Structure formats: structure tokens, C-alpha cells
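S.K.: 3D model of this:
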Amino acid sequence: MDDIIEVYKKDIDRSLLRENLKLTPQQRSERFEVAMRLIFELRRAAELRRTTKRLLEAESASKQREA
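M.R.: As a prediction, this is how the structure comes out:
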């Protein structure tokens, strides 16, 4: 089991873990909330872009059929 742990440890930035553990639970929670807001905002922006792209493609196809 220790061998498996050692294999995965190389891919983990422990300095980030240490820095995060220096924060209070409240501070960690606040950082998490900020990160989640960013994620949701990015998802909304991506969905808006996809929707806009679909609408523009449909409009273009409609104009081509009319022509």
C-alpha cells in the first residue's frame, strides 16, 4: 500500500495543501464559494455561447434556404 501512495504523491503539490491548511475553515469555505461561483459563471457563459452559435447557424441555414 505504501508503494501505491508513493506513486501518487509525486503528482500532488503538497505545498498547496499546506497553504490551504493554514487557513481557517471559514476562509477555506469562502475560497470554495468563490471558486464555485466562477465555475457556474463559466458554465453559464459556455451555454450562452453554444445557444447563440446554434441560433446563428439556424438563422444562416434559414436564409440559405430562402435564397
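
S.K.: burial count for Arg28?
M.R.: The tally of other residues near Arg28 (other Cβ atoms under 10 Å) stands at 13. Every residue, glycine included, has its C-beta placed from N, CA and C.

S.K.: what helix or strand does Leu55 sit in?
M.R.: Counting by DSSP states H and E, the element that carries Leu55 is helix 25-66.

S.K.: any idea how far the spatially most central residue of the chain lies from Pro25?
M.R.: Compute the mean C-alpha point of the chain, and by Cα atoms, centre = their mean the closest residue is Ile39, 4.5 Å away. Shown here: Ile39 relative to Pro25, a distance of 21 Å by Cβ to Cβ, to the nearest Å.

S.K.: worst-scoring helix or strand of this protein, pLDDT-wise?
M.R.: Among the secondary structure pieces of the chain, namely its helices and strands, helix 2-9 has the lowest mean (mean pLDDT, DSSP states H and E), a mean of 87.
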